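sequence first, predicted coordinates after that:
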2 protein chains.
Amino acid sequence: MQNRPDTYVLAADVGGTNTRMAVVSGDGEIHALLKKPTRCKEGKEAMLQFLLSFMREIIRKSELPCEEIAGAGVGFPGPLDAETGIIFNPPNLTGWDGIPLRRILEDELKMPVSIENDANAAALGEWWKGAGAGTNSFICITLGTGVGGGIILDGRLWYGASGMAGEIGHTTIIRNGIKCTCGNSGCLEAYASARGIIDRVQNVLSERGDKRGIRECLTLERISSMASQGNEMIGSIIRETGIILGIAVANIANLLNPEMVALFGGVTNLGETLFKPMREEVKKRAFEKATEPLKIEVAKLGDNSGILGAAKSILLRISDSERA
Amino acid sequence: MQNRPDTYVLAADVGGTNTRMAVVSGDGEIHALLKKPTRCKEGKEAMLQFLLSFMREIIRKSELPCEEIAGAGVGFPGPLDAETGIIFNPPNLTGWDGIPLRRILEDELKMPVSIENDANAAALGEWWKGAGAGTNSFICITLGTGVGGGIILDGRLWYGASGMAGEIGHTTIIRNGIKCTCGNSGCLEAYASARGIIDRVQNVLSERGDKRGIRECLTLERISSMASQGNEMIGSIIRETGIILGIAVANIANLLNPEMVALFGGVTNLGETLFKPMREEVKKRAFEKATEPLKIEVAKLGDNSGILGAAKSILLRISDSERA
C-alpha cells in the first residue's frame, strides 16, 4: 500500500472561498503549493476553467514533466459520489449538480483523477500524515462553520451505501434539542459548530438585553477571549458544548471502537474549556474497554490536511490499480 | 470468498441457558442439529468438558469422518477477543476470564477454530443466510434482555480496536435519561431492551397503585397482548420505545450509511406498534440520501442465526487461509 517517494501527484483542495493546489510526493512532501480565491461565483464553466488552468500552472511550477505526474486528487465540496466522481448539489456552488468532474478532468489532464468530498479528504490527510498516522481506525470530526466527519476503517475511507457515511454532525445528541440547519433537531452540529456556539451565546446576550454581543462582532475568537477573561455565561456554554461533543465521541467509541478520534477546525481553538468536559463525558459514558485504546487528539495539519488527503486518495487509487 | 458446498464445519452457539450445535455445509445447510442446556453453573472445567463431548457427539451424529470437518466455529458470550479467541469476563460465566478457548479447542479437536461473541455471530449469520443476504454493509441490533449489536462492513465483521465495536445498546439516546445497567444513563438498552420496557411499564403501574402488573407476571408477551387490547398507557410506552429506537437507527444511518439495519430478538414481537414510530423517526432525522438505500428489516433466522454465524466465521477463516 506504500507509494514510492518518487511518485508525484497533483493535489487540489477546492473550498467555497479558496482553492489550494500543490504537487505531492508519494511520501507526502508538498511542492509548488499555491492558494487562490475559488472563482465559484462566476458559474460552473468559469470555475472549471479556473481549476484546469490552476492545475496546469502548478504542474509548470513543480518543474516536473507532465508525464511524471501519476494522477490528480481533488477534494471538493460535497455531496458527491467518490466512486464515479460525479458532483451532487453542493450548497454553495450553483450549476454543479450532476457534473462528472472526474471524467472531465481525466479527459483534460490525461491522467487518473480521484474526487473526494472535502470532509473525507481532510480525514484522509490527517490519517496519512497528521494526528492519525499509524492508526488503523480513525474518525475525524471537523468542528467548523458546520460539523462534518470522515471515517477511516482498516486504512480505508468508509463511504457507506450511498456515499453519505461520516455525517457525525447530524447524529442526534439532544432528543428535543435546538433546530439544526438540516431540518432535524438536537444534532451535534446545532451545538458544536461555530454557528451553534455563536448563536447560543448571542441568544443569552439578547435575553439579557446585552448589546455588546451583536451578531456581526461575535466571532469564535471573541467568545474564546471572553471565556478566558472569566465570563461565566460563555464558559458555561463552552463547557456544555464539550459535554455534548463528549456524548457524540462516547457513542462513536461504543459503536465503532476506533483507535483515534481527531478534532479539527476553528472550534478546537476553544481549548481545554471545551476538551476537559468532553473527555470527562467520554469517560463517563463509554465502556472502559472501548476507551482504553482510544486517543482523542487535535488535528495537526491545519490547512494542509485537504491537500494531503486529496493526494493520498489518488495515490491509493494508483497503488490499487497497480496491484490489480 | 465463497466456500464450496461440500465443505463442512462444526458450529456451536453457546448461550447462558442453552447450547446449540450442528454441522453446517459451505452453502449453509444445517445438519445434525442438537440443543442442550449449557452446564455453566458447574464451573469452567465441567462446561469445557460438556462443550467438547457435545462437539464430538455432533460429529458422530453427522456421520462424517472427523477429517472431513474443516473446522469449528463457536459463538460464545462476550466480551472476548475474536482474534486470539481468549474469553474475558462474561457476566454470567464464572471462571472464564482469560481462558484461551480457541487454543484449547484447537488442541483437542485438531482442527482450526474460530470464536466470536454471540452478538457478532448472530449478525454474521443473519448477514450470510438471513435478512442481510447479499448486502455489503449490515448492522444487526439485538433487542433481547439487553440490546447488542453487530456491524458488518464490506462483508466483514467490524471488531474495532479492542473488539468492542457494535455496542449499539450503549450509545446515549437520552442525555439525562434513565439509568442503564452499564452505569451510564439514557442508553438505547435502558429503553429498548425487554428489561427496559418491562421496567417502564411496571413503574407506571406501580405509580397508579395497579397491582395487576406485579413484576413476576409482567412479560413482553403480556405487555404485547395488553397493547393489542387497546391499553393506551402500554401503547404509549411502546411507541416511545419505537421513537428512541428510531433515533438510534437514524444516527447509524447518518454515521455509517449502511444498506440494512436488521432487528432481532423478543422485543421485535411488539410489531407495528414499535416499528411505525421507529420508521417515522428515522425518516425525520436521517438524511434522505442516507435512508434511500437503507432497508430496515426484522431478522429471519430466529434461533439459527448464531449457529450459521459461527459456521460462517470459521468458513471465512478457512477461505482466508486458503487464499493466503
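Happy to help now that I have it. Please read all numbers here as calculations on a predicted model, not as lab measurements.

for whichever residue of the stretch 1-150 of chain A sits closest to chain B, phi and psi?
Relative to chain B, the nearest point of the stretch 1-150 of chain A is A:Ser137 (5.8 Å; C-beta to the nearest C-beta). C-beta here means a position set from N, CA and C on the backbone, and glycine is covered the same way. When read as degrees, to the nearest 10, the backbone of A:Ser137 gives phi -130, psi 130.

go on, the one 3 residues further on?
For A:Cys140, the backbone dihedrals are phi -110, psi 130 (criterion: degrees, to the nearest 10).

may I have the beta-bridge partners of it?
A:Cys140 forms beta bridges with A:Gly150, A:Ala262, as assigned by DSSP bridges.

now the residue of the stretch 1-150 of chain A closest to chain B: closest residue in space, sequence neighbours ignored.
A:Pro258 (4.0 Å; C-beta to C-beta, 6 or more residues apart in numbering or on different chains).

which residues does the one you found contact?
Contacts for A:Pro258 (C-beta atoms under 8 Å, 6 or more residues apart in numbering or on different chains) come out as A:135, A:137-139, A:153, A:252, A:294, B:160-161.

hmm, try it at 10 Å
Shown in contact with A:Pro258 (C-beta atoms under 10 Å, 6 or more residues apart in numbering or on different chains): A:132, A:135-139, A:151-153, A:249, A:252, A:290, A:293-295, B:160-161, B:165.

among those residues, which lie within strands?
If you go by DSSP state E, these have A:137-139, A:151-153, A:295 in strands.

what helix or strand is A:Lys36 located in?
If you go by DSSP states H and E, A:Lys36 is part of strand A:30-37.

what about that strand, average pLDDT?
The average pLDDT for strand A:30-37 rounds to 96.

keeping just the C-alphas, turn whatever helix or strand comes next after it into PDB.
Per DSSP H and E, the first helix or strand lying C-terminal to strand A:30-37 is helix A:44-62. C-alpha atoms of helix A:44-62 as PDB (Å, rounded to 0.1, in the frame of the first residue of the first chain):
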ATOM      1  CA  LYS A  44     -19.600  26.400 -13.300                       C
ATOM      2  CA  GLU A  45     -17.800  26.800 -16.600                       C
ATOM      3  CA  ALA A  46     -15.600  29.600 -15.400                       C
ATOM      4  CA  MET A  47     -14.800  27.700 -12.300                       C
ATOM      5  CA  LEU A  48     -13.900  24.600 -14.200                       C
ATOM      6  CA  GLN A  49     -11.500  26.700 -16.500                       C
ATOM      7  CA  PHE A  50     -10.000  28.200 -13.300                       C
ATOM      8  CA  LEU A  51      -9.400  24.800 -11.800                       C
ATOM      9  CA  LEU A  52      -7.800  23.400 -15.100                       C
ATOM     10  CA  SER A  53      -5.600  26.400 -15.600                       C
ATOM     11  CA  PHE A  54      -4.600  26.400 -11.900                       C
ATOM     12  CA  MET A  55      -3.700  22.700 -12.200                       C
ATOM     13  CA  ARG A  56      -1.500  23.400 -15.300                       C
ATOM     14  CA  GLU A  57       0.200  26.300 -13.500                       C
ATOM     15  CA  ILE A  58       1.100  24.000 -10.600                       C
ATOM     16  CA  ILE A  59       2.500  21.300 -12.900                       C
ATOM     17  CA  ARG A  60       4.600  24.000 -14.600                       C
ATOM     18  CA  LYS A  61       5.700  25.400 -11.200                       C
ATOM     19  CA  SER A  62       6.700  21.900 -10.000                       C
END
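
quick one: mean pLDDT over helix A:44-62.
On average, helix A:44-62 scores 96.

quick one: it to strand A:30-37, angle?
150 degrees (axes from the mean of the first three to the mean of the last three C-alpha atoms, to 10 degrees).

next structured bit after helix A:44-62?
Next along from helix A:44-62, by DSSP H and E: strand A:69-76.

show me which of the ones in strands among the contacts of A:Pro258 are buried.
A:137-139, A:151-153 (16 or more other C-beta atoms under 10 Å in any protein chain shown).

tell me the one of these nearest B:Gly309?
A:Leu153 (20.5 Å; C-beta to C-beta).

how far away is the most centrally placed residue in chain A from B:Glu68?
Nearest to the mean C-alpha position of chain A, by C-alpha atoms, centre = their mean, lies A:Ala119 at 3.1 Å. To B:Glu68, A:Ala119 is 51 Å away according to C-beta to C-beta, to the nearest Å.

kindly report the same for A:Leu255.
Distance of A:Leu255 to B:Glu68, computed by C-beta to C-beta: 40 Å.

kindly report the same for A:Trp127.
On the measure of C-beta to C-beta, A:Trp127 and B:Glu68 end up 45 Å apart.

looking at the stretch 101-250 of chain A, which residue is nearest chain B?
A:Gly160 (2.4 Å).

ok, now which ones touch the closest residue to that residue other than its chain neighbours?
In this structure, A:Gly160 finds its nearest non-sequential neighbour in B:Asn257, 2.4 Å apart by C-beta to C-beta, 6+ apart. By C-beta under 10 Å, 6+ apart, the residues touching B:Asn257 are A:151, A:158-167, B:137, B:286-287, B:289-294.

next: A:Gly186.
Residues in contact with A:Gly186 (C-beta under 10 Å, 6+ apart) are A:171-180, A:244, B:175, B:247, B:285.

again, but for A:Ser305
Per C-beta under 10 Å, 6+ apart, neighbours of A:Ser305: A:13, A:75, A:118, A:121-131, A:140, A:142, A:150, A:262, A:264, A:299.

and it, that one's in a strand?
No. Applying DSSP: H, G, I helix; E, B strand; the rest coil, one finds A:Ser305 to be helix, outside a strand.

skipping its backbone neighbours, what lies nearest it in space?
A:Gly125 (3.8 Å).

what of A:Ala82?
A:Glu116 (5.5 Å).

which residues does the one you found bridge with?
Here A:Glu116, judged by DSSP bridges, has bridge partners A:Gly75.

per-residue pLDDT, it?
Reported pLDDT for A:Glu116: 97.

correct me, but it touches A:Ser313?
Yes. Using C-beta atoms under 10 Å, A:Glu116 makes contact with A:Ser313 at a distance of 4.9 Å.

how many residues are close by A:Gly130?
26 (other C-beta atoms under 10 Å in any protein chain shown).

what's the answer for A:Pro100, then?
15.

what do you get for A:Gly43?
13.

now do the SS call for the closest residue to A:Ile58 other than its chain neighbours.
Nearest residue to A:Ile58, sequence neighbours excluded (C-beta to C-beta, 6+ apart): A:Met21, at 4.6 Å. Following three-state DSSP, we place A:Met21 in the strand state.
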